[in-house]
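**Q** This is the structure alone, sequence omitted:
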């Protein structure tokens, strides 16, 4: 009898244990599903949510798996790129913006902005941020957005601004001022700056306040709702909304070695005046040119990419000087020997026009020859670097950079560089490689080798002495020869080598050729270096066109925003060596890169990939 009672008690406790285990497991599942719905609320639509809530646990698990699978942009890969990216966004907003804020919802739906401009202590207005998106690909939304988040009355969380429902009154500290009055409006507009003014009026170029409100309402929808409602629409994208036209643009490249014998490509694209268009506001002229460049290797894999925006602003007096001038955009990159293709896409935001231009380049190995040299680079001006470090733009002060960089006419300004969402002053570190800067000189190249009668031609190139003797100490003579079918002209100059040396292997040469009394025509330009009776080096032929028509070298100059700092240089080299499976060289350069920036997530990730390769290659 006692035994039966013991058995009954044990069975009772077993049942209680099973009940509580089942209850706890069920409660845990409920919490997991609730957390899932909270996490994906910016993505899931109402129908999907209602369907999910009706399912049993087993079918809910299947739904969750299928939900993420449908959003996977590349099903062929083992990773779900969308899920990984979305969960990373979720961690970010939970840390910085809070789960339920309007900035969090926007960040989760649209992703990280291309640029954030903060106005935390601007005079006369409450704290606000402008989020810029330049290349969106979301159904029902424009490709470009500029969204303002502001603190109403200067307190609380940031909320999304509506040009229609809020208006400029909502961001003004002094509510007694009437922005409709011309004096107040002019003072306010001058203080705010062009980019903030346009964002206050419209969330996207070409939108009015009513259209802006329509698209702001769409931002409150989930991603899947946007897909269902607008996925069938032909969403405006770069490919479908801009007009591709043919423009006489030109690309110039110059490949040389730095003092560490790394191959540097200096390049530039000449954008004709016919492609540029300006918008006048009050007394200033504005233009915006988007520049995209992919440098691809023989396997069509990008080894470097540039996505830049050139914002032009000129006063009335500056405009009178540059109104007919083209734009010259220059860049620097670092490459390994091999064949490459440069693919430029240039877009005019105001006209919705674009053109594409490509150029093939070959980086030859120069350090394996006893004496090697670059091609001849022709230019119209060269100035000392000390003079080039000015900060004025065409005789007038530059406005503070509002989005990426601002440049002036025929004055190449060192733009500020962007790190995250903050602006930092450009670093004058002499180790930074800037386009067409050689030693302590800034060089201004021409793209078509075309000059007028009586103009001077500057010829730059570098000679590399890789033999044991290095550069000879004796004076050498440089001979430049202009040849045509009818005439030949020689320019002769004796130089002292030691006055020019960069180190014991690199000899930079800059010659000046006067075209005075040179007949108009097409010439082949050659260069030759002699030491006594010996010819040390002879160049190939470069075409030079001398014309009787005037050639105007006045142009607007802009440079790549990101400069080749030591970190960027060594990180890019590590990537390229890694792609070529030269793991030892990749390791060598990633160590140096991490010495300059030990917190770089890209460099740390590449370092771990290199380690994985090293482990796989070890015996």
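**A** That came in fine, so what should we check first? Just so you know, these numbers come straight off a predicted model, no measurement behind them.

**Q** My read is that residue 40 contacts residue 64, right?
**A** No - using Cβ atoms under 8 Å, residue 40 is not in contact with residue 64, being 9.0 Å away. Quick note: C-beta positions are derived from backbone N, CA and C, even for glycine.

**Q** Quick check: residue 271 vs residue 341, distance?
**A** Noted for residue 271: a distance of 19 Å to residue 341, by Cβ to Cβ, to the nearest Å.

**Q** what about those two, which has more around it?
**A** In this view residue 271 and residue 341 are compared by other Cβ atoms under 10 Å, and residue 271 has more residues nearby, 27 against 14.

**Q** Give me the phi and psi for the more buried one.
**A** phi -100, psi 120 (degrees, to the nearest 10).

**Q** wait, what's in contact with it?
**A** Shown in contact with residue 271 (Cβ atoms under 8 Å, 6 or more residues apart in numbering): 247, 249, 289, 326-329, 346.

**Q** Of the residues you listed, just say which sits nearest to residue 34.
**A** residue 289 (49.1 Å; Cβ to Cβ).

**Q** what's the neighbour count on that closest one?
**A** Counted with other Cβ under 10 Å, residue 289 comes out at 22.

**Q** same check, this time on residue 201
**A** Residue 201: 14 neighbours (other Cβ under 10 Å).

**Q** Let's verify the closest residue to it other than its chain neighbours: helix, strand, or coil?
**A** Nearest residue to residue 201 in three dimensions, chain neighbours excluded: residue 163, at 5.7 Å (Cβ to Cβ, 6 or more residues apart in numbering). Assigned by DSSP: H, G, I helix; E, B strand; the rest coil, the conformation of residue 163 is coil.

**Q** Residue 590 now?
**A** Taking three-state DSSP, the label given to residue 590 is helix.

**Q** what's the neighbour count on it?
**A** 26.

**Q** Number the residues from 48 up from this point.
**A** Taking 48 as the first residue, the last one we looked at is residue 637.

**Q** got a list of what the nearest residue to it once chain neighbours are set aside touches?
**A** With sequence-adjacent residues excluded and distances taken as Cβ to Cβ, 6+ apart, residue 637 is closest to residue 621, at 4.0 Å. With contact taken as Cβ under 8 Å, 6+ apart, residue 621 is in contact with 632-637, 640, 650, 653, 657.

**Q** Buried members of those into ChimeraX, please.
**A** Burial among those is assessed by 16 or more other Cβ atoms under 10 Å; the matching ChimeraX selection reads:
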select :632,633,634,636,637,640,650,653,657
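
**Q** Now flag whichever of the contacts of residue 621 is closest to residue 346.
**A** Of the contacts of residue 621, the one sitting nearest to residue 346 (Cβ to Cβ) turns out to be residue 633, at 16.8 Å.

**Q** residues in contact with the helix or strand containing the closest one?
**A** In the assignment (DSSP states H and E), residue 633 maps to helix 630-643. Here helix 630-643 makes contact (Cβ under 8 Å, 6+ apart) with 612-614, 617-618, 620-622, 624-625, 647, 650-651, 653-654, 657, 660-661, 664.

**Q** Which SSE is immediately downstream of that helix?
**A** helix 648-664.

**Q** Check which residues of that next one are buried.
**A** 650, 653-654, 656-657.

**Q** That one vs helix 630-643, what angle?
**A** Orientation note: helix 648-664 sits at an angle of 150 degrees relative to helix 630-643 (axes from the mean of the first three to the mean of the last three Cα atoms, to 10 degrees).

**Q** just checking, what packs against helix 648-664?
**A** Contact here means 3 or more Cβ pairs under 8 Å, 6 or more residues apart in numbering; DSSP states H and E; on that basis helix 648-664 packs against helix 613-626, helix 630-643.

**Q** picking that back up, more neighbours: residue 87 and residue 111, which one.
**A** residue 87 (23 against 16).

**Q** Now that one: closest residue in space that isn't a chain neighbour?
**A** That would be residue 114: by Cβ to Cβ, 6+ apart, it lies 7.3 Å from residue 87.

**Q** hang on, the earlier thing: what pLDDT does the residue nearest to residue 637 get?
**A** Here, the pLDDT recorded for residue 621 equals 91.

**Q** Then residue 76?
**A** pLDDT, residue 76: 81.

**Q** just residue 204 next, same as before
**A** pLDDT at residue 204 comes out at 90.

**Q** Repeat that for residue 377.
**A** In this model, residue 377 carries a pLDDT of 92.

**Q** That one: helix or strand, and which one exactly?
**A** With DSSP H and E as the test, residue 377 turns up in strand 374-382.

**Q** That strand to helix 613-626, inter-axis angle?
**A** 60 degrees.

**Q** Report the strands that pair with strand 374-382, each with its relative direction.
**A** strand 310-318 (antiparallel), strand 603-606 (parallel) (DSSP bridges).

**Q** pLDDT of the next helix or strand after that strand, averaged?
**A** Next in sequence after strand 374-382, counting helices and strands by DSSP H and E, comes strand 385-395. Mean pLDDT, computed over strand 385-395, is 90.
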